[in-house]
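Structure for the following, please:
(chains A and B)
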There are 2 protein chains.
Amino acid sequence: MKRVSGVLAPVITPFREDLSPDPALFVQHCQWICGQGAGLAVFGTNSEANSLATEEKLELLDQLVAAGTDPALMMPGTGACALSDSVRLSARAVSLGCAGVLMLPPFYYKAVPDEGLFAFYAEVIERVASERLQIYLYHIPPVSQVPISLALIERLASRYPDNIAGIKDSSGDWQFTQSLNALGIPDFQVFCGSESFLLQNMQAGGAGCISATANVNPAAIVTLYSSWQAPDAEQQQADLNRVRALFQEFPMISALKAATAQHSGHASWTRVRPPLTALGTDQAEALRTRLEAEGFAMPGL
Amino acid sequence: MKRVSGVLAPVITPFREDLSPDPALFVQHCQWICGQGAGLAVFGTNSEANSLATEEKLELLDQLVAAGTDPALMMPGTGACALSDSVRLSARAVSLGCAGVLMLPPFYYKAVPDEGLFAFYAEVIERVASERLQIYLYHIPPVSQVPISLALIERLASRYPDNIAGIKDSSGDWQFTQSLNALGIPDFQVFCGSESFLLQNMQAGGAGCISATANVNPAAIVTLYSSWQAPDAEQQQADLNRVRALFQEFPMISALKAATAQHSGHASWTRVRPPLTALGTDQAEALRTRLEAEGFAMPGL
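Numbers count the residues shown, from 1 in each chain, chains lettered A, B, ... in the order given. This next block holds a predicted model:
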């Protein structure tokens, strides 16, 4: 089985006025992203996945596949604090044919022993019981506050080589990403969590990136991924960094949604679930102005 | 409506061999705790509540009430990362007649604005839409990493005086507990998150405590609560502190479960869900020896 590589978007989740997920708009955005050449890491941090109930995630995933979207492009987030939730989501992803799952560690308890994290992943693997379960570990200590150590990765990959497929590193720590690429685990796919590290990651033997801004700027990120050995790769990277820096002037998730609202004409995209807050009117206008000055577009949205 | 006060246990959750919750053993332990004069803060941190799916919590709560346990003694944890989960759990608690609910803030995203946390609690209150919803905010920054500020409490209590009933302060910071007692919000019940602060909290006008060790040592904690103005209160506090310190030599949740297994004869109590790990054989024996030396007992269990 060939494992996933390339650029994936942690797809933002649209909400109706009552804050329920909007499957139609969700499918539409997913299909636009796929049309730009990127894959779908639905239910990531930028998707507000942990602000959704398990049932809500299952329903969105079912509808996405039912709409004809290719599950080979999908890596849904299935990590949860509760083993039972994580098993249920992972099993559904496998039965729908998803290429992989992106699994947060259980993140309520802090400073838990590696032994406990190993047991969590092992229980999910044993219960789903399918070699089609391709787990991408999700290392995002700034948010989860539960890091995934190199020793844990090696232990999991050694025990479950068919199921431990790779990792998304959202530590923001390039030294750690380098260490992941140097682990030497066969066919272990290392995704950086920001396109800022994409060129470096590809040069180090990485598999691609899973990045917030792939929601709004997927084509350019995919182009760098596909041409990272081209003479203009450094210039492409600099261009990507400039767009990312612009979004980073604002709270990222709300800014992605505001830009998507502005470029799609669907104002409902601006909605977030609490505890996040939407951009204020002034912020949204500032974002629009900055994006226009940059010549930013979301063609075909 | 008179609000809850006294001593409540964040009830430990028993698991069967397949790690599913064991309702019969759960009800049995809850009824033992009530028999010792304490109340039931089921689904707290020490309950591994976030290691349970929402469905599993609803099922346990239904069974607890169906078994004839008095819902006036119950303050189930209903805070969750997902608004939809928190609304569902809180609505069920209200419909079952629970005295209150203990509500974590959504804890995945860190450094969120007070505005977003206010919106979360406000949405739960508006959706449950019952003055019988008595919310006890759950401040436990060492674990949740999402603190509840004094300004947020005042804003919530001012907007929803009928629903914001109090707080559990598990910060371990006595200065903060004092500030809570000094807020001057009418009928705002301040529970400390450890019996180590019980005497001080009562002297400061607090409502009691919700503490891990109320799972194993409830009667003595209840006695101090009931007699905090007695001449021997300082001695009682010192005795409580000694027992707590003993448990704190071990990972707390696993130690509570090991002691309950040893004193009830139900070995299954030792099970925890990952990412927690049970005490090793040596640790369990060390705990047993220490408890015996202390003359510790769980009479009637």
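
hey, let's count contacts and neighbours off CA atoms from now on
OK.

ok, residues contacting the strand or helix carrying residue A:246?
Residue A:246 belongs to helix A:233-247 when assigned by DSSP states H and E. Identification of contacts with helix A:233-247 by CA atoms under 8 Å, 6 or more residues apart in numbering or on different chains yields A:195-196, A:198-199, A:213, A:220-221, A:224, A:227, A:255-256, A:287, A:290-291, A:294.

Would you write a PyMOL line that selects the buried entries of these?
Buried residues among the contacts of helix A:233-247 (16 or more other CA atoms under 10 Å in any protein chain shown), as a PyMOL selection:
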select buried, chain A and resi 195+196+198+199+213+220+221+224+255+256+287+291
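
Quick check: the farthest pair among the contacts of helix A:233-247?
Between any two of those, the greatest separation by CA to CA is 29.4 Å, found for A:227 and A:287.

ok, now which ones touch the closest residue to residue A:109 other than its chain neighbours?
Closest residue to residue A:109 apart from its sequence neighbours, by CA to CA, 6 or more residues apart in numbering or on different chains: residue B:143 at 6.1 Å. Counting by CA under 8 Å, 6+ apart, residue B:143 makes contact with A:108-110.

Check the gap between residue B:143 and residue B:192 for me.
Going from residue B:143 to residue B:192 by CA to CA, to the nearest Å gives 16 Å.

what's the answer for residue A:40, then?
Taking CA to CA, one finds residue A:40 at 45 Å from residue B:192.

Need phi/psi at residue A:165.
phi -100, psi -20 (degrees, to the nearest 10).

That one against residue A:187, yeah?
Yes. Judged on CA atoms under 8 Å, residue A:165 makes contact with residue A:187 at a distance of 7.2 Å.

more crowded one of these two?
residue A:165 (24 against 14; other CA atoms under 10 Å in any protein chain shown).

which residues does that one contact?
The contact partners of residue A:165, by CA under 8 Å, 6+ apart, come to A:3, A:134-136, A:187-189.

Show me the shaky parts of the stretch 51-200 of chain A.
The stretch 51-200 of chain A contains no residues with pLDDT under 70.

For the stretch 51-200 of chain A, what lies in contact range of chain B?
A:51-53, A:81-85, A:106-110, A:112-113, A:115-120, A:143-144 (CA under 8 Å from any CA of the partner chain).

just to revisit the earlier point, give the buried residues for the helix holding residue A:246.
A:233, A:236-237, A:240-241, A:243-244, A:247.

Rounded mean pLDDT for it, please.
Regarding helix A:233-247, the rounded mean pLDDT is 98.

Could you list every helix and strand that the helix or strand hosting residue A:30 packs against?
Assigned by DSSP H and E, residue A:30 belongs to helix A:23-35. The contact analysis (3 or more CA pairs under 8 Å, 6 or more residues apart in numbering or on different chains; DSSP states H and E) places helix A:23-35 against strand A:39-40, helix A:54-66.

What helices and strands are in contact with the shortest one?
In this case it means strand A:39-40. strand A:6-9, helix A:23-35.

in the shortest one, what counts as buried?
Of the residues in strand A:6-9, those with enough neighbours to count as buried (16+ other CA under 10 Å) are A:6-9.
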